[in-house]
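Q: pasting the sequence and the predicted coordinates here, then a few questions.
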Amino acid sequence: MKTQIMSLFVLFILTILQIINIHGSHFQGGLITWKYKDDKVYITYKLSFTDRSCDSTAIFNKTLINVGGSFTCYQGCDGTLMSSLSYQCTDYSVDENWKYGQRTVNVTFPSTPDNFYAFGYSSCCWVNLVEGGNNWLLLATANLSIRQDNKRINSSPISSMQPVTTLKQNCSYALKIPVQDEDNDVVRCRWASSPFMDECGGVCSRLNHTILDQNNCILYINTTVTTGNYAFAIQIEDFLTHQDTLPLSSIPLQFIVHVNDNISMCDEKPSIETTGSLGSMIVIPANRMYQQTIVALSINSVISEINTVSPLGMFKSELYPYGLLTDRWYVNVTWTPTTKDIGIHIFCYTAIDVDSQESDQQCKTLKITEAQGCASNPCPNYALCTEQLNGYICTCDCGTGNNFKIGVEFDIDITKYLCDCITLNVVSIVDSVMILCKLFSFIKNSNIYLYVLIYMYACIFISQCD
C-alpha cells in the first residue's frame, strides 16, 4: 500500500514539474548592447517571449511589461545589477507566436584596474527546442578604458534580428546578421561558447550543416534536419583593426530558427520590394517623423504578415492589399525619434505567407541626429557633404576641365570644415610654382601655419609671392 502511495506521489510530482516546464518554456532569445555616456553605461536589452502581453495597444501606450529574470555581474563587480526585469513591447507576430520588446537602463560600474566588466541576463526557460534548452544566459563584456585611437571610451556594436526565423526543411539559406558600430570599428561574429566563461546557458550546441562566416556575419544553413525549433547563440565583437584578436567588447545575439515541412518549393518564398539600397543609412533629425511603406510580394501564395523589429516608439499599420491583385500587400511604419534616440538604430522586416514561407530579412540603418547633418549644408565653398555613422565628411569637388584644379580641404576641429578650389593654366615651371604660392597663400589665410616652410621654398624659385 505504501509503495502504491509513493508511486502515485512521484507521478504527481513529475506531472506538476512537466506542467511547470511547459508553461515556463517561453524564452525565444534576445540581444544586449551598451553605450557609454556621462560616466554611466547605458545597457539596452531586447528580449522575446511567447507568453507576454503584447499588442498594438501596448505598443502605442508604451506599457511596461514584466518579463522576469535578472542581470548579474560576473567580472569587475559583484552580485545582481537588476532583478525582475520589464520592457516595453515593440513588435509581435501572430503567425510565428513571438512578442518582442526592449528597455534601456543605466548602470554605474565600480572602478577596477583594467576597467573590464562582464554581465549577463539569465533565467529559465527556453521554448521547446530540438536540441538544448532550459536555462538561458546572454553574456556581454565591456572595456571602459579610454581608447588610444580616438581618446574616447568605446561603445558596443549593435545588431537587429527577428527572434524567430522560419525556414523550410531540406533547403539552403544564407542568413545575414546585420551589424553596425558607431566607432567605425571592425565587427566580427562568432559562435557563443562556454569553456572559459559561459556565454550561452543551455544553447551552446550548434546546428549541424551550419557555417558561420565570421568576417561578414553570415550564417549558411542547410536545413536537412528534424523539424522544430533550434536556438542560435552568436557573440558580436568589435576590434580596432582587422589584425586584432582581442575584442573591445562582446555582445550576445540569440534567436530561434524554426524548421517546418510545408509543401511549397524552396524558391517559392515571398520577397520584399525594396525602396532604396539595401543596408543603406537614412538620416533623421530628432523630432522629425520618419515614414516608410513596406511592400511584400508572393507570386505563389498570399502574404499573411509583414513583421518588423523596430526601435522603441515606431508604429506599424495593419496589413493592406497593394493594388487590385492579391499578390502584393503592405504596411506603413512611422517613427518620430526624440533626442534620447540620437545615434544609430537598425530597423529590420520580413514577410511571411499563408504557407509559412518567409522572405529574406531586410534592414536599414536609421541615424538620428541632433542637427540636420548634410541637410543643413555644413560644408561651405563647393565642398560635398557625405553622411557617416558618427558624423559627416566634407570633401572638395573641383570638377574637371583643361585647367589645373586643386581641391583643398582640412579640419581645424572635428566640426568645422573649409574647402576651396584653385583654377590655373599650367604653361611653365614658373606657373607651376605660382600654383604652389596661391595654394599656400590660401592655406595661410585659413590660419594653418604649417605652410611656412613649403611656402618659402616655393618663393626661392621666383622673385616674390603675393
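A: That came through, no problem.
Q: can you count the residues close to the residue nearest to Pro157 when sequence neighbours are not counted?
A: Excluding the flanking residues, the one nearest Pro157 by CB to CB, 6 or more residues apart in numbering is Asp181, at 4.5 Å. C-beta: built from backbone N, CA, C; applies to glycine. Asp181 has 21 neighbours, counted by other CB atoms under 10 Å.
Q: pLDDT at Asp181, what is it?
A: Looking at Asp181, its pLDDT reads 96.
Q: distance of it from Glu370?
A: 20 Å (CB to CB, to the nearest Å).
Q: got it, and Pro163?
A: In terms of CB to CB, Pro163 sits 31 Å off from Glu370.
Q: ditto for Thr293
A: Applying CB to CB, one obtains 27 Å for the distance of Thr293 from Glu370.
Q: show me which of those two is the more surrounded one.
A: Thr293 (13 against 10).
Q: what's the helix or strand encompassing that one packed up against?
A: Applying DSSP states H and E as the criterion places Thr293 in strand 290-297. Where contact means 3 or more CB pairs under 8 Å, 6 or more residues apart in numbering; DSSP states H and E, strand 290-297 is packed against strand 271-273, strand 303-309, strand 328-335.
Q: could you identify which of those is most buried?
A: Of all those, strand 303-309 has the most neighbours on average by mean count of other CB atoms under 10 Å, namely a mean of 23.
Q: list the contacts of the residue nearest to the spatial centre of the chain.
A: Closest residue to the average C-alpha location of the chain: Ser159 at 2.4 Å, with CA atoms, centre = their mean. Neighbouring residues of Ser159 by CB atoms under 8 Å, 6 or more residues apart in numbering: Leu31, Thr33, Ile177, Pro178, Val179, Gln180, Ile236, Ile251, Leu253, Ile346.
Q: CA atoms of the host helix or strand of the first one as PDB?
A: With the criterion set as DSSP H and E, the secondary-structure element containing Leu31 is strand 27-37. The C-alpha trace of strand 27-37 is given here as PDB (Å, rounded to 0.1, in the frame of the first residue of the first chain):
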ATOM      1  CA  PHE A  27      12.100  32.500 -23.900                       C
ATOM      2  CA  GLN A  28      13.000  32.900 -27.600                       C
ATOM      3  CA  GLY A  29      16.200  34.800 -27.500                       C
ATOM      4  CA  GLY A  30      17.400  38.400 -27.300                       C
ATOM      5  CA  LEU A  31      20.200  40.900 -27.700                       C
ATOM      6  CA  ILE A  32      22.200  43.100 -25.200                       C
ATOM      7  CA  THR A  33      24.100  46.200 -26.300                       C
ATOM      8  CA  TRP A  34      25.600  49.000 -24.300                       C
ATOM      9  CA  LYS A  35      26.800  52.600 -24.700                       C
ATOM     10  CA  TYR A  36      29.000  54.800 -22.500                       C
ATOM     11  CA  LYS A  37      27.700  58.300 -21.800                       C
END
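Q: now that strand against strand 303-309, angle please.
A: 30 degrees (axes from the mean of the first three to the mean of the last three CA atoms, to 10 degrees).
Q: which strands and helices sit next to the following helix or strand past strand 27-37?
A: On the C-terminal side of strand 27-37, the closest following helix or strand by DSSP H and E is strand 40-49. Counting contacts by 3+ CB pairs under 8 Å, 6+ apart, strand 40-49 packs against strand 27-37, strand 86-93, strand 98-107, strand 116-124, strand 135-143.
Q: quick check: buried residues in strand 40-49?
A: Going by neighbour count (16 or more other CB atoms under 10 Å), the buried part of strand 40-49 is Val41, Ile43, Thr44, Tyr45, Lys46, Leu47, Ser48, Phe49.
Q: which secondary structure state does the spatially closest residue to Pro311 that is not a sequence neighbour sit in?
A: Nearest non-adjacent residue to Pro311, counting by CB to CB, 6+ apart: His345, 4.4 Å away. Assigned by DSSP: H, G, I helix; E, B strand; the rest coil, the conformation of His345 is strand.
Q: ditto for Phe196
A: coil.
Q: how many residues are close by it?
A: Counted with other CB under 10 Å, residues neighbouring Phe196 total 6.
Q: residues contacting it?
A: Going by CB under 8 Å, 6+ apart, the list of residues near Phe196 is empty.
Q: please apply the same query to Thr334.
A: Here Thr334 is in contact with Met289, Tyr290, Gln291, Met314, Phe315 (CB under 8 Å, 6+ apart).
Q: most neighbours of all these, which one?
A: Met314 (21 neighbours).
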